[in-house]
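Visitor: below are the sequence and a predicted model; questions follow.
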Amino acid sequence: MNLWDVKGVPHKGWECEGVIDVGDGTSSSDEIEYEQCEMCGNEKIRYVHIMKHANYFRELRVGCVCAERMSGDYENPRKAENALKNKLLRKKNFLKKPWKYNPLKGSYSKKYKGTYITLVKGRYDSWGIYCDKYRLWQVRGQKIKDFKAAEALAFELYELCYRRQETMAA
Ligand SMILES: [Zn+2]
């Protein structure tokens, strides 16, 4: 199905609500569940642009090329996608650095680009993240349930605290 052909579906005036990577969290490209562009139907997309329009009843998940046409913006969709790709490379790099296990505390630590990050196992099997002076024990009221989740959040916390300006400039 190609929505570009359907009369009544707006072609212009869409706004981008954000870009997501459907491959985030996978370790190889075989694992990625690519999506189909909902607008043109024929792209194997990994970076999904979420598009919204006042005269359309729901959001559409589309690829970069359609996002550009729909918004009439031939600069920012590509920029947003590149920013996301760069972030994923930084995440990969962050995760590559091994943790040091401390058997006395039962915690895992590493120094990453000058910042100390520690993952601690708390009571009730939940995890906490220490990033320099910052502490994170829950996300939207939910406990951090496993090491993998804690590790991914440690990266987010590190980015929020230390890369904010660079990220915003990118
Ligand atoms: Zn498309």
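Guide: Received it, and whenever you're ready, just let me know what you need.
Visitor: other SSEs contacting the helix or strand containing Glu81?
Guide: Element membership for Glu81 (DSSP states H and E) is helix 76-96. On a contact count with 3 or more C-beta pairs under 8 Å, 6 or more residues apart in numbering; DSSP states H and E, helix 76-96 meets strand 15-21, strand 47-52, helix 64-71, helix 147-162. No exception for glycine: its C-beta is placed from N, CA and C like everyone else's.
Visitor: can we see that at 6 Å?
Guide: On a contact count with 3 or more C-beta pairs under 6 Å, 6 or more residues apart in numbering; DSSP states H and E, helix 76-96 meets strand 15-21, helix 64-71.
Visitor: can you pull the buried residues of stretch 104-116?
Guide: Neighbour-count burial for stretch 104-116 flags 107-109, 112 (criterion: 16 or more other C-beta atoms under 10 Å).
Visitor: among these, which are in strands?
Guide: Judged by DSSP state E, these include 107-109, 112 as members of strands.
Visitor: pick the one among those closest to the ion.
Guide: Nearest to the ion, judged by C-beta to the ion, of those is Tyr112 at 37.4 Å.
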